[in-house]
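1. I would like to see how this sequence folds:
(one chain, ligands or ions: 1)
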Amino acid sequence: MIEPAQKSTTESLLAVHHRDRQRRQVLLALLVITFLGGLFFGTLNWMRGIVAAAVIEFAFAAFCVVAYPFVRRTRRIHVWALAVALPWIVSVWVVVALPAAASSVFIWALVLPILLMFLLGRRIGLGLSVVSLLGAMAVALHRFGLPRNPDQIAYTANLIIAALAILVLSYVYERAREKAELDLRYLAVTDTLTDLPNRTLVYENFAGMKALALRQDKPLSLLLMDLDHFKQINDQHGHDAGDQVLREVADLLRKRLRRSDQVYRMGGEEFLVMMPDTSLDQAAALAENLRGRIEALDLRFNDQSAPLTASIGVTQMTAPEESFDTLLRRADQNMYWCKARGRNRVRAS
Ligand SMILES: Nc1nc2c(ncn2[C@@H]2O[C@H](COP(=O)(O)OP(=O)(O)OP(=O)(O)O)[C@@H](O)[C@H]2O)c(=O)[nH]1
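-> Alright, predicted model coming up:
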């Protein structure tokens with residue numbers, strides 16, 4: 001399995017990106033619905049003479065128009081989600097409390113759990129849903145009193161049970177959706193053969209490591225490892241054997257490296273390791289150690305031994321302006337230098 005620390009970095013970067021994009025879409029849709037609803041009910045209530053409700057509804061519609069361009073651009077989507085959700089909750093309470101409003105307006109309270117769960121996630125969404133539903137019930141109780149006849153009891157019971165059902169269902173749905181999304185994202189950034197991260201996030205993670213190295217004034221090194229004559233293993237022992245070799249190498253790297261290091265399968269039989277707080281000499285020593293361990297792997301398929309070696313290019317960031325591509329190119333050149341000189345060696349520069 002992939003190291004937990006590495007897995008969570010990988011997941012969280014993408015998770016935030018996707019979660020925000022989804023919430024932004026829900027929020028924009030909600031602004032449009034609220035704007036149209038505000039105009040419609042504002043006009044209706046104005047004509048019915050319920051001025052207080054009409055003013056709230058027109059104000060909310062105006063707020064949506066102002067908020068829309070900000071929500072499209074903002075990076076603080078959770079702040080805007082709260083800025084829209086809280087007035088929604090209060091408006092529902094106010095509308096339920098208004099003496100002139102029909103008792104059916106309580107139905108709007110049932111929208112709240114779905115809206116809050118989708119906008120704010122299941123934890124905050126659940127907490128706010130419970131508060132907003134209890135609030136709406138308290139207001140309704142204050143306005144209408146306890147249900148007295150069987151019709152009223154049935155009506156109230158229906159509303160409460162429906163509210164509970166929507167609350168539970170939206171929570172369960174949101175939890176399942178979050179999990180499915182995490183699984184999908186994990187698969188998208190992971191090489192399923194070795195369980196190592198693939199190259200998808202390599203640039204983003206390098207940027208984070210580089211920033212930290214510069215801030216802490218620590219060295220940052222990188223190594224690129226390519227297995228030698230790997231094609232022969234596939235050709236002589238079959239593709240499954242080749243796959244097994246790749247898994248063994250991935251295991252070896254995971255076990256040997258520090259948790260702060262990051263290992264990627266860049267493709268084929270090529271692996272990349274990023275090592276924070278590691279100088280060129282230290283990285284070269286580590287690469288030499290890895291080379292020796294790979295050479296010492298006693299791989300056998302159908303009683304035939306399958307010797308394995310690797311060529312490793314090592315480099316260190318030497319200036320703040322050096323990009324990931326620059327380092328990778330240098331490590332790649334070092335690795336090819338090893339290949340050209342008979343393989344099974346390390347070169348650092
Ligand atoms: N089994 C298996 N083989 C793979 C996988 N990915 C790439 N390969 C094989 O790895 C081999 C790489 O071959 P080459 O690029 O010629 O490299 P090499 O044989 O290691 O030779 P040198 O790098 O020059 O030492 C190819 O045969 C690919 O099919 C994989 O996921 N599983």
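2. OK, contacts around Leu164?
-> Residues near Leu164 by Cβ atoms under 8 Å, 6 or more residues apart in numbering: none. To be clear about C-beta, it is placed using only N, CA and C from the backbone, and glycine gets the same treatment.
3. can you count the residues close to the residue in the stretch 101-250 of the chain that the ligand sits nearest to?
-> Closest contact between the stretch 101-250 of the chain and the ligand, by Cβ to the nearest ligand atom, is at Gly242 (2.5 Å). Neighbour count of Gly242, defined by other Cβ atoms under 10 Å: 21.
4. in what helix or strand does Met275 lie?
-> Met275 is part of strand 270-276, with elements assigned from DSSP states H and E.
5. tell me the mean pLDDT for that strand?
-> The pLDDT scores in strand 270-276 average 98.
6. now swap in stretch 38-47 and tell me
-> The average of the pLDDT scores along stretch 38-47 is 92.
7. Enumerate the residues of this structure near the ligand.
-> Within reach of the ligand by Cβ under 6 Å from any ligand atom, the chain has these residues: 193, 226-231, 234, 239, 242-243, 246, 268-269, 339, 343.
8. Now, of these, which are buried?
-> Buried by 16 or more other Cβ atoms under 10 Å: 226-228, 230, 242, 246, 269, out of the residues of the chain next to the ligand.
9. Could you dump those into TSV with secondary structure added?
-> Formatted as TSV, those follow (DSSP: H, G, I helix; E, B strand; the rest coil):
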residue	secondary structure
Asp226	strand
Leu227	strand
Asp228	coil
Phe230	helix
Gly242	helix
Leu246	helix
Glu269	coil
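10. Among these, which one sits closest to Ser129?
-> Nearest to Ser129 out of these is Leu246 (Cβ to Cβ; 47.6 Å).
11. List the residues that contact the closest one.
-> Taking Cβ under 8 Å, 6+ apart as the criterion, Leu246 is in contact with 193-194, 227, 265, 269.
12. tell me the SS of Arg148?
-> coil.
13. So what does it look like in phi/psi?
-> Main-chain dihedrals, Arg148, degrees, to the nearest 10: phi -110, psi -50.
14. Since that was my last question, I'll sign off now.
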